[in-house]
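>>> coords please:
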Amino acid sequence: METLIGRKKEIQNLKDYYNSGRAEFVAVFGRRRIGKTFLIRNVFGDKFCFEMTGSIDAPTRVQLSNFAYALRDHGYGESPAPKNWVEAFDMLKTLLSRRLGQGRLVVFIDELPCLDTPRSGFKQTFEHFWNGWASHQPEIMLIVCGSATSWMISNLVEAHGGLHNRLTHEIHLAPFTLGETEEYLQARGFVWNRLSILQTYSIMGGVPYYLGLLQRESGVAANIDRLFFAEQGELRHEYRRLYSSLFKNSETHVRVLELLASNHRGMMRKEIADKLGISAGGLLTKVLQELVNCDFIRRYNTREKRIKQTDHLYQITDLYTLFYLQFCSRPTTDSELWTHLMGQPKQNTWYGLAFERVCILHIQQIKRALGIDRIHTEYYSWRGNAETPAQVDLLIERADNLINLCEIKYSQAPYTISKDEDLKIRTRVEMFRVATATRCGIIPTLITTYGVLPGAHADVAQAQVILDDLF
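Residues are numbered from 1 along each chain as shown. Next up is the predicted model:
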């Protein structure tokens with residue numbers, strides 16, 4: 001099996017749960033293509049007492065047949081397929097009972113949400129299996145996962161019915177960081193520099209499956225052209241599949257994403273509702289929460305002291321989605337578009353926008369580089385008003401009464417601060433100080449790829465973070 005990269009915390013957690021000496025019910029969830037199944041199979045290898053995978057969009061009879069085949073493969077013996085889920089889980093109980101007393105029994109059900117077909121009674125039977133029997137068997141470790149994150153969260157993590165508070169552990173598998181992405185690519189023989197890795201990450205994010213499609217003999221632009229702009233590009237056709245597989249009714253989710261993609265600075269709930277012509281509660285609340293849970297968008301605060309729930313800002317953080325909507329949503333016949341845009345303002349603007357998102361996804365690395373990772377902090381965005389018309393995308397407010405006011409600048413060489421840029425930064429600091437009446441010290445902080453060139457205006461950057469720090 002391919003070597004597992006990163007996921008050190010998750011691996012250790014799964015091993016600890018395996019050795020806990022008590023019944024365990026573990027849910028692993030995360031967006032499609034993130035490596036949930038790969039993680040579980042890599043950790044447990046051939047230790048499964050029972051394993052089966054739900055089939056997307058298959059009817060109940062097919063799911064039951066697959067369940068029966070899995071039972072036979074794991075030693076149940078020949079028998080007719082169960083007529084319903086009550087019979088199916090009774091057969092599983094029989095299989096497991098035969099092996100009680102032989103050590104830990106690992107049961108793995110992959111793509112669990114697929115089994116919950118309409119009027120099948122799956123959820124109620126599954127609840128009864130765990131609550132009525134399996135949870136009382138110290139040897140059993142039940143692991144379930146699924147890409148339909150909204151189902152996993154509403155029916156397991158935040159369940160209100162029979163499975164309320166029945167999970168013993170949950171693991172939310174997030175995309176790779178830049179450092180994990182570098183480790184993954186190096187393990188596959190890539191010798192790319194960190195700028196190339198950043199550029200790739202800016203388009204694909206840290207999704208292992210997407211990264212696995214890269215060819216090391218090609219450069220960044222050639223890979224992007226092949227995957228996104230060639231007629232049969234694998235990531236050109238991924239977008240619709242991605243959201244339809246995660247959400248049963250994905251139309252509103254897609255509309256929200258398309259709207260947020262057109263407003264890079266983020267939007268408040270009411271702004272989203274007004275633009276889409278829907279209520280700001282109910283459905284929109286559910287959709288926004290599901291997109292947050294799946295790592296497609298982030299919900300963050302402005303710095304105003306009294307923040308209502310409806311005043312949260314929402315912004316796309318999934319780089320694949322943002323890139324697709326920016327460059328692929330309209331058909332193009334240029335199969336080498338990204339190569340043809342190299343060095344052009346449109347591509348450089350994209351990398352600048354994406355670098356801001358990458359930095360937001362690496363707050364912990366930024367704090368470590370600033371030497372404040374052990375200090376309590378809050379991070380925000382800030383919008384000015386008519387009197388102070390400025391905006392800051394990242395403020396790190398610290399318990400030591402200091403604020404890092406961050407300017408994020410992408411460039412392919414050390415960054416030069418011009419006289420005009422120096423004035424803009426100083427003006428923004430002063431506007432922020434006046435508008436917020438803060439008594440904290442403000443540290444203008446430059447986050448760049450290769451640092452700031454020494455010069456007459458470099459001293460405005462009182463603190464610096466560079467690309468290497470994000471790794």
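>>> Show the backbone phi and psi for the nearest residue to Ala456 once chain neighbours are set aside.
Closest residue in space to Ala456, ignoring its immediate chain neighbours: Lys419 at 7.6 Å, by CB to CB, 6 or more residues apart in numbering. Heads up, the C-betas are built off the backbone N, CA and C, glycines and all. Note on Lys419: its backbone torsions stand at phi -60, psi -40 [degrees, to the nearest 10].
>>> just Leu470 next, same as before
Backbone geometry at Leu470, expressed as degrees, to the nearest 10, gives phi -70, psi -20.
>>> how close does it sit to Arg194?
9 Å (CB to CB, to the nearest Å).
>>> How about the contacts made by the residue nearest to Leu319 when sequence neighbours are not counted?
Distances taken as CB to CB, 6+ apart place Gly205 nearest to Leu319, at 4.0 Å, with adjacent residues excluded. Residues near Gly205 by CB atoms under 8 Å, 6 or more residues apart in numbering: Pro175, Asp318, Leu319, Tyr320.
>>> Would you map out the domains in the protein?
8-172, 176-361, 363-470 (automatic domain parsing).
>>> Tabulate the ones you listed (CSV), appending mean pLDDT.
Listed next are the domains of the chain as CSV, based on pLDDT from 0 to 100:
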stretch, mean pLDDT
domain 8-172, 94
domain 176-361, 91
domain 363-470, 94
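>>> The residue nearest to the spatial centre of the chain sits in which helix or strand?
In the chain, the residue lying closest to the centroid (CA atoms, centre = their mean) is Asp295, at 3.4 Å. Secondary structure assigned from DSSP states H and E places Asp295 in neither a helix nor a strand.
>>> Distance check, it against Asp110.
Taking CB to CB, one finds Asp295 at 20 Å from Asp110.
>>> Check Leu446 too.
Per CB to CB, Leu446 is found 45 Å from Asp110.
>>> which of the two has more neighbours?
For Leu446 versus Asp110, the count of surrounding residues by other CB atoms under 10 Å is larger for Leu446: 22 against 19.
>>> how about that one, secondary structure?
Assigned by DSSP: H, G, I helix; E, B strand; the rest coil, the conformation of Leu446 is strand.
>>> For it, give me its contacts.
Cys406, Glu407, Lys409, Tyr415, Ile417, Val452, Ala461, Ala463, Gln464, Val465.
>>> which among the residues you listed gets closest to Asp393?
Asp393 lies nearest to Cys406 out of the contacts of Leu446, by CB to CB, at 7.4 Å.
>>> Helix or strand for that closest one, just tell me which one.
Per DSSP H and E: strand 402-409 holds Cys406.
>>> Strands along the stretch 1-150 of the chain, start to end?
Secondary structure of the stretch 1-150 of the chain (DSSP state E, counting those that start in this stretch): strands located at 24-29, 48-53, 105-110, 140-146.
>>> These into CSV, with extra columns for distance to Gly121?
Below are the strands of the stretch 1-150 of the chain laid out as CSV (distance: least, CB to CB, whole Å):
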stretch, distance to Gly121
strand 24-29, 20
strand 48-53, 18
strand 105-110, 16
strand 140-146, 17
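>>> roughly how far apart are Gly101 and Val460?
From Gly101 to Val460 the distance is 70 Å (CB to CB).
>>> Compare the two and say which one has the larger neighbour count.
Val460 (17 against 8).
>>> quick one, what contacts the more buried one?
With CB under 8 Å, 6+ apart, Val460 has these contacts: Ile417, Asp422, Ile425, Arg426, Pro444.
>>> For the last one, give me its contacts.
Looking back up the chat, that one is Pro444. Counting by CB under 8 Å, 6+ apart, Pro444 has contacts Leu405, Glu407, Ile425, Arg426, Val429, Val460, Ala461, Gln462, Ala463.
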